[in-house]
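**Student:** The sequence and its predicted three-dimensional model are supplied below.
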Amino acid sequence: MKVLVPVKRVIDYNVKVRVKADGSGVDLANVKMSMNPFDEIAVEEAIRLKEAGKADEIVVVSIGVKQAQETLRTALAMGADRAILVVAADDVHQDIEPLAVAKILAKVVEEEQPGLVLAGKQAIDNDMNATGQMLSALLGWSQATFASKIDIEGDHALVTREVDGGLQTIKVKMPAVVTVDLRLNEPRYASLPNIMKAKKKPLDEKTAADYGVDLTPRLEVVKTDEPPARAAGIIVGSVDELVEKLKEAGAV
Amino acid sequence: MAPEPFSDEVRMIRDTARAFVDRVIRPNVDDWEEAGRFPRELYLKAGAAGLLGIGYPEELGGSGGGVFHKLAWIEELMRAGSGGLAASLGSLDIGLPPLVKFGSDELKREIVPRVLAGEKIYALAITEPGGGSDVANLKTRAERVTVGNREYYRINGAKTFITSGCRADFYTVAVRTGGEGHAGISLIVVPREAEGFSSGPPLKKMGWWASDTAELFFDDCLVPAENLIGEESRGFPMITSNFQMERLTLAVMANVTSEMALEAAINHARDRRAFGSALTGHQTIRHKLADMGTLLEASRALTHACATRMEAGEMIFKEISMAKNFATDACDRITYDAVQIFGGMGYMRESVVERLYRDARILSIGGGTREIMNEIIAKQMGL
Ligand SMILES: Cc1cc2nc3c(=O)[nH]c(=O)nc-3n(C[C@H](O)[C@H](O)[C@H](O)COP(=O)(O)OP(=O)(O)OC[C@H]3O[C@@H](n4cnc5c(N)ncnc54)[C@H](O)[C@@H]3O)c2cc1C
Ligand SMILES: Cc1cc2nc3c(=O)[nH]c(=O)nc-3n(C[C@H](O)[C@H](O)[C@H](O)COP(=O)(O)OP(=O)(O)OC[C@H]3O[C@@H](n4cnc5c(N)ncnc54)[C@H](O)[C@@H]3O)c2cc1C
């Protein structure tokens, strides 16, 4: 089985984000960018499937600016076999919306014929949580979202999902689109020999035009604000005072 | 700062090294510092990730890569905040190069892959109780002898201040096989189990607490003649052949130490209030931080320029000595000022600057003292 894993280049989770002066978004010039952490988990899961003999090829794909090839190299260094870069923007600030990404991915799926698409549940930059779902709709494939455990058994998969109040296990027919949650696994760091080997693995470069997908945004960002600064704390003198303050704040 | 060559690989090595430090080292580093040791298992883990093998050929189990690959690892390792841990985990990088460059294939194949995998610990033993700077006058003697029908070297003498000295499995030892001066020196690989070899208890040190530093004793120590690295009496140039890389490493260690001290000082000065404002509100403090930042920036630029030239294969004895002195001077200054800005808290073990200040002190002594660097610089200037 071939596994397709879409990976997105996003601002590194350690970077303290700054809103651009014009409020149009977050400043991405000269900041550290990394693979979306949920996508890293998806890549890790694909590698584990391969190590368990349930997958034989892992293809990673990224859609965005040319620099996303760094993200793909990282995925190759972790253990993916092949990469496809779809250049769809030339400005790092230009985000491709989930629908356009899903449409391109649908075309890639048509070409590559994977048995499984493993995607992050959302990207940490704008938290859309939509691409995987849209892709499954476009393909007419089963979907399982927020996976914290995946078992592939023949023509179906058992997926444990993190839902409000607990865990839910569903059985989906393959091929499927599965989006992964935080607790599925801890992604490995690429070993040095694999980093050195990654540059010899194939990385195909395409453009959005190759797939004939219309990238015109459907959404308009009206405003971006910094989160409100945390208010100063207070020091209480006794447990009674603490309880009183908590009551005042409506916390107990 | 100029972009690093091989940026994509270096970026990925940095990411791996950072993840390794965050997951495996950082959660334990304070305990290891206080305990004066870290688990041997750490070598295995770093070996498995291929981090110990950076800069060594793949045929010997190395990961390949050059100067910038190595520096990415050293920088991230140093950011764990323990110079001692970096020194011991990295002692292979001063011990192995002469073996890799000049040793016989059999000797290399027997030892190097196991060291790069982290299964065996490797150290370098040059310094003696009688002197460290004056390498050409070292006293430990090795004589070629026949025992049964095998050829051996019989070694007598002592070494001191040896990093990883308590638990290394192999040592590259500088011995005198010939007459006086540098022309009589050879390098020989001594395995820990060699007859007549012993090491002392860990020496108590000002800094580098997580590192085991020890004396070594050679008492009619017998080592097979095949353990000689290269030819007899050719040891001195083998020792100096790794000086550039060692000095670059020490400059980088100093720069990262400075960087961490500066960052801690800035955070502290922003948060701490005295006389009605944050410490950063006082011009003397602000300007102190500005000077610290300027020194660090200059030091990094000089170190980076040396690294770039070394990657290109140039021999830069003068400049690398300058870079080491500049970086270690800057580090002494910056860690001193960081403690000062912390006030009483800077003197407390719970503050990172307290350790950085202690760890900084060795950097202008080890790998060639500040004075020896100046002798080299002066000589290269034709003086
Ligand atoms: C923590 C630690 C780890 C170490 N690890 C190792 C290791 O792994 N392997 C190893 O072989 N060694 C190691 N060393 C030893 C280190 O390399 C030596 O301490 C160093 O080379 C200085 O030698 P010395 O201590 O004998 O000082 P000396 O050579 O006695 O020097 C004393 C002082 O005199 C100065 N001086 C000497 N000659 C001159 C001159 N011609 N002109 C002007 N000034 C001069 C020196 O600069 C210094 O200030 C380590 C040392 C320490 C502290
Ligand atoms: C081992 C030890 C023993 C001690 N024993 C005692 C004791 O027995 N009794 C006791 O009362 N205290 C004791 N102290 C506390 C000591 O007196 C204080 O640490 C010292 O006065 C500095 O105060 P601080 O630590 O709060 O630093 P801070 O006042 O926070 O100062 C931090 C830094 O800011 C600088 N700074 C502050 N204000 C200004 C300004 N206006 N302009 C420019 N720079 C400024 C300081 O010079 C310092 O560099 C001890 C401290 C230590 C470490």
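**Tutor:** The structure has been received and is ready for your questions. Treat the numbers as computed from the prediction; the structure is a model and nothing was measured. Ligands and ions are numbered 1, 2, ... in the order given.

**Student:** need the residues of chain B near chain A, please.
**Tutor:** With C-beta under 8 Å from any C-beta of the partner chain as the criterion, chain B meets chain A at residues B:8-9, B:11-13, B:15-16, B:19-20, B:48-51, B:53-54, B:58, B:63-65. From N, CA and C alone the C-beta is placed, and that goes for glycine too.

**Student:** Can you list which of those are found in helices?
**Tutor:** When these are checked against helices using DSSP state H, the ones located there are B:8-9, B:11-13, B:15-16, B:19-20, B:48.

**Student:** buried subset of these?
**Tutor:** For those, a burial check counting by 16 or more other C-beta atoms under 10 Å in any protein chain shown picks out B:8-9, B:11-13, B:15-16, B:19-20.

**Student:** Filter the residues you listed to keep only those in contact with ligand 1.
**Tutor:** With the criterion set as C-beta under 6 Å from any ligand atom, no member of these is near ligand 1.

**Student:** Output the residues you listed in JSON lines, with pLDDT and distance to residue B:80 appended to each entry.
**Tutor:** Formatted as JSON lines, those follow (pLDDT from 0 to 100; distance: C-beta to C-beta, whole Å):
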{"residue": "B:8", "pLDDT": "89", "distance to residue B:80": "24"}
{"residue": "B:9", "pLDDT": "93", "distance to residue B:80": "22"}
{"residue": "B:11", "pLDDT": "94", "distance to residue B:80": "19"}
{"residue": "B:12", "pLDDT": "96", "distance to residue B:80": "19"}
{"residue": "B:13", "pLDDT": "97", "distance to residue B:80": "16"}
{"residue": "B:15", "pLDDT": "95", "distance to residue B:80": "15"}
{"residue": "B:16", "pLDDT": "97", "distance to residue B:80": "14"}
{"residue": "B:19", "pLDDT": "96", "distance to residue B:80": "12"}
{"residue": "B:20", "pLDDT": "98", "distance to residue B:80": "9"}
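
**Student:** Count the residues that sit near the nearest residue to residue B:136 once chain neighbours are set aside.
**Tutor:** Sequence neighbours aside, residue B:182 is the residue nearest to residue B:136 in space, at 4.0 Å (criterion: C-beta to C-beta, 6 or more residues apart in numbering or on different chains). Other residues near residue B:182 come to 16 when the count uses other C-beta atoms under 10 Å in any protein chain shown.

**Student:** any idea where the helices of chain A begin and end?
**Tutor:** Under the criterion DSSP H, helices of chain A are mapped to A:37-51, A:68-78, A:98-112, A:131-139, A:192-198, A:239-248.

**Student:** Check the chain for its longest strand and report it.
**Tutor:** No chain was given, so I picked chain A. Using DSSP state E, we find that the single longest strand of chain A is strand A:142-153.

**Student:** that's the wrong chain, I wanted chain B
**Tutor:** Of all segments of type strand in chain B, defined using DSSP E, the longest is strand B:150-163.

**Student:** which other helices and strands contact it?
**Tutor:** Using 3 or more C-beta pairs under 8 Å, 6 or more residues apart in numbering or on different chains; DSSP states H and E as the contact criterion, the secondary-structure elements in contact with strand B:150-163 are strand B:122-125, strand B:141-147, strand B:170-176, strand B:185-191, strand B:213-224.

**Student:** Make JSON lines out of these and add mean neighbour count.
**Tutor:** Formatted as JSON lines, the entries for those read as follows, by neighbours: other C-beta atoms under 10 Å in any protein chain shown:
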{"stretch": "strand B:122-125", "mean neighbour count": "28"}
{"stretch": "strand B:141-147", "mean neighbour count": "14"}
{"stretch": "strand B:170-176", "mean neighbour count": "27"}
{"stretch": "strand B:185-191", "mean neighbour count": "24"}
{"stretch": "strand B:213-224", "mean neighbour count": "20"}
